[in-house]
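>>> got a predicted model here, sequence first, then my questions.
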Amino acid sequence: MEFNMELWMKKLIKNEGMRLKPYRCTLGKLTIGVGRNLEDNPLNFEEKKACGDYMHGITENGAKMLLRNDIIRCYGEVSSLFKDYKKLSEGRQFALLDMCFQLGFKGLKKFRIMKKAIDNKDFDLASEACLKSLYAKQTPNRARKNAMAIKSGIWK
């Protein structure tokens with residue numbers, strides 16, 4: 001991978017927070033660590049082994065391991081969705097990965113206008129499509145940051 005994993009982890013921890021005990025997210029899904037939705041993205045064998053009895057809590061290192069795995073998974077998913085994803089600026093790459101992380105791959109795939117605009121390098125239209133979405137109504141600050149990064153190429 002051609003990005004700074006530690007930096008992307010810090011950004012996602014800032015966006016999502018880190019909770020070491022299981023909790024229900026705003027959609028009512030059982031979640032742990034840095035936004036790991038355990039219902040839609042359950043722990044695999046290695047993660048269960050490393051985290052132990054995760055239903056009673058995990059360590060910070062366990063949460064970071066899950067986060068690294070989630071970033072790698074999302075990176076692969078987003079790379080498969082956008083034809084030149086790996087050629088985009090790191091700011092744009094992170095914004096799209098952040099959206100995939102928050103919305104899931106199925107959710108990100110629904111941004112058809114934004115996807116086509118990014119594939120055509122029309123970042124103004126892509127940013128506008130992001131801002132006109134339900135996602136932007138539900139999480140306006142995060143959507144605004146991601147839309148600005150898509151437009152400018154710089155994630156702040």
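Thanks, I have the structure now.
>>> go through the lengthiest strand in the chain and flag the buried ones.
For the chain, the strand with the greatest residue count under DSSP state E is strand 19-24. Buried residues in strand 19-24, counted by 16 or more other C-beta atoms under 10 Å: 19, 22. Where C-beta positions appear, they are placed from N, C-alpha and C, glycine not excepted.
>>> I'd like the next helix or strand past that strand.
strand 30-33 (DSSP states H and E).
>>> and the next helix or strand after that next one, what does it pack against?
As assigned by DSSP H and E, the chain's next helix or strand after strand 30-33 is strand 36-37. Counting contacts by 3 or more C-beta pairs under 8 Å, 6 or more residues apart in numbering; DSSP states H and E, strand 36-37 packs against helix 60-81.
>>> buried sites along the next helix or strand after the helix it packs on?
Going down the chain from helix 60-81, the next helix or strand is helix 90-109, by DSSP H and E. Within helix 90-109, the residues scored as buried using 16+ other C-beta under 10 Å are 90-104, 108.
>>> try stretch 36-53
36, 38, 41, 43, 47, 50-51.
>>> which one among the residues you listed gets closest to K116?
N41 (27.0 Å; C-beta to C-beta).
>>> surely the closest one meets L67?
No. N41 is beyond contact range of L67, at 11.9 Å (criterion: C-beta atoms under 8 Å).
>>> CA atoms of stretch 59-72 as CSV?
What follows is stretch 59-72, C-alpha atoms only, in CSV (Å, rounded to 0.1, in the frame of the first residue of the first chain):
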residue,chain,number,x,y,z
THR,A,59,-7.4,-3.6,24.4
GLU,A,60,-6.3,-0.5,22.5
ASN,A,61,-3.8,-2.7,20.6
GLY,A,62,-6.8,-4.9,19.7
ALA,A,63,-8.8,-2.0,18.4
LYS,A,64,-5.8,-0.8,16.3
MET,A,65,-5.4,-4.2,14.8
LEU,A,66,-9.0,-4.3,13.8
LEU,A,67,-8.7,-0.8,12.4
ARG,A,68,-5.6,-1.7,10.3
ASN,A,69,-7.6,-4.7,8.9
ASP,A,70,-10.6,-2.5,8.2
ILE,A,71,-8.4,0.1,6.4
ILE,A,72,-6.8,-2.6,4.2
